[in-house]
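I'll drop the sequence and a predicted model, then ask my questions.
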Amino acid sequence: MPSSQTPSIAGTALDPTSLRPDISDAEIVRIAPAELRDKLIALRGDGFTMLLDIGGVDYLGREPRFDVVYHLLALPTKVATLAEVGTPRRIRLLVGVPENAPTLPSIQDLWPNANWAEREIYDLFGLTFEGHPDLRRIQMPYDWEGHPLRKDYPLRGPAREATPRPAFALKSNVPAGTPPSGKVAAALQKQIARARGQAPVPARGEDS
Amino acid sequence: MPGQFMLGKLDDVARWAQSSSVWPLTMGLACCAIEMMSVTNSTYDIARFGSEVFRASPRQADLMIVSGRVAQKMAPIIKRLYDQMADPKWVISMGACASSGGVFDNYAIVQGVDTVVPVDVYVPGCPPTPDGLLYALNLIQQQIRQGGRGGIFAKA
């Protein structure tokens, strides 16, 4: 039995959504920050021994503004069938973090690999983790100001954001809805039409 | 050929030797580094121009190939490596990102490595073909044979 993460064979590369893995393979639970550690300790005792990743999300304008997502995986601990190995139990914990108190308890003592993941979230989102032994920036330079993955962080950085972009870089030069033009775009359209069976495939040697 | 000899200016001979042994620094920053590596393979064979010796130490390198986008965090490291290289030295800015920031017009990427170190040759492309990099090397060799001196002597 193939893993549910395997892309469907029915879809083609022309349909990018067909390549998106199924997210229903994991149980998704939303909990409050106060019960985070107790819940994680309970889950770890329940067999979810592996912390895959911790992610941060910024929903600007929502309350609470941030989400921190814990991805857990339960690997079979005793003899398992191939199907059981291919579809391990997964769980995702969503924890909302408000902007005015952007802090969570650290779980670095439960899973040591949370150390760098929490540093990354601190670096890019500005959320702090209480009890973390070494909460430094990990990706940006140590003297960096601001947290770049926050949605209100200017894309080109606060210093350069005020300077105008070169004219050719402005998308507004092209009116919205303008179809792509040029040889490459035409060839691509032809290729898509052929793949959908809407245009004849040229015989070998015939100029396409 | 016993008994025969050639006459030439010592300067010319020295420049010919120097231009035939431009040793690059082992430094890959991003995907351009893959093209840089393929330049050393037998298909393109940078050894034809005497530059196959990628040195692991900046003290022994003559040429810095900035092969990829330069992150803000990487810029001081590149500057330091450049300063550690002994004169004369040359810099190739390989690809759109190293030359201008490329598509990465954002907070994390330096908009052109020439804001950090002086660049002798820019190679366009995303990534440039290995032939493009070889041509850049040939331009550097040309500069050397015509009396160009890289690094701090370049403007002298």
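Right, received. Where do you want to start?

What pLDDT is listed against whichever residue of chain B sits closest to chain A?
Among all residues of chain B, residue B:107 sits closest to chain A, at 3.4 Å; criterion: C-beta to the nearest C-beta. For every residue, glycine as well, the C-beta is placed using N, CA and C. At residue B:107, the pLDDT value in this model is 89.

Can you find the helix or strand in chain B with the smallest mean pLDDT?
The weakest-scoring helix or strand in chain B, judged by mean pLDDT, DSSP states H and E, is helix B:10-19 (a mean of 88).

Could you pick out the residues of chain A near chain B for me?
Residues of chain A found near chain B (C-beta under 8 Å from any C-beta of the partner chain) are A:139-141, A:144, A:148, A:153-157, A:160, A:165, A:169.

among those residues, which ones are buried?
A:140, A:144, A:148, A:153, A:156, A:157 (16 or more other C-beta atoms under 10 Å in any protein chain shown).

Distance to residue B:92 and secondary structure added to those, as JSON lines?
Shown next, in JSON lines, are these (distance: C-beta to C-beta, whole Å; DSSP: H, G, I helix; E, B strand; the rest coil):
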{"residue": "A:140", "distance to residue B:92": "28", "secondary structure": "coil"}
{"residue": "A:144", "distance to residue B:92": "29", "secondary structure": "coil"}
{"residue": "A:148", "distance to residue B:92": "30", "secondary structure": "coil"}
{"residue": "A:153", "distance to residue B:92": "33", "secondary structure": "coil"}
{"residue": "A:156", "distance to residue B:92": "26", "secondary structure": "coil"}
{"residue": "A:157", "distance to residue B:92": "27", "secondary structure": "helix"}
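
what's near enough to touch the residue of chain B closest to chain A?
Residue B:107 makes contact with A:148, A:153, A:154, A:155, A:156, A:157, A:160, B:72, according to C-beta atoms under 8 Å, 6 or more residues apart in numbering or on different chains.

I figured the first one was touching residue B:108, is that so?
Yes: the pair residue A:148 and residue B:108 passes the contact test of C-beta atoms under 8 Å, sitting 7.0 Å apart.

and for the two, which residues touch both?
The overlap between the contact sets of residue A:148 and residue B:108 (C-beta under 8 Å, 6+ apart) consists of residue A:140.

show me where the chain has helices.
Unless you meant another one, I'm taking chain A. All helices of chain A, identified by DSSP state H, fall at A:36-45, A:82-86, A:114-125, A:157-161, A:183-195.

um, chain B though
Secondary structure of chain B (DSSP H): helices at B:10-19, B:32-39, B:75-84, B:95-100, B:130-145.

Just name the most buried of those.
Across those, the average number of neighbours (mean count of other C-beta atoms under 10 Å in any protein chain shown) peaks for helix B:95-100, which reaches a mean of 24.

who's in contact with that helix?
For helix B:95-100, the external contacting residues (C-beta under 8 Å, 6+ apart) are B:29-30, B:32, B:66-70, B:93, B:102-104, B:109, B:111-114, B:119, B:122-128.

C-alpha coordinates for that helix, PDB please?
What follows is helix B:95-100 as a C-alpha-only set of coordinates in PDB (Å, rounded to 0.1, in the frame of the first residue of the first chain):
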ATOM      1  CA  GLY B  95      25.800  34.700 -12.500                       C
ATOM      2  CA  ALA B  96      23.000  37.200 -12.100                       C
ATOM      3  CA  CYS B  97      22.700  36.900  -8.300                       C
ATOM      4  CA  ALA B  98      26.400  37.600  -7.600                       C
ATOM      5  CA  SER B  99      26.400  40.400 -10.100                       C
ATOM      6  CA  SER B 100      23.200  42.200  -9.100                       C
END
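
what does the average pLDDT come to for it?
Mean pLDDT, computed over helix B:95-100, is 92.

Off-centre distance for it?
For helix B:95-100, the separation from the chain centroid amounts to 14 Å (computed by C-alpha atoms, centre = their mean, to the nearest Å).
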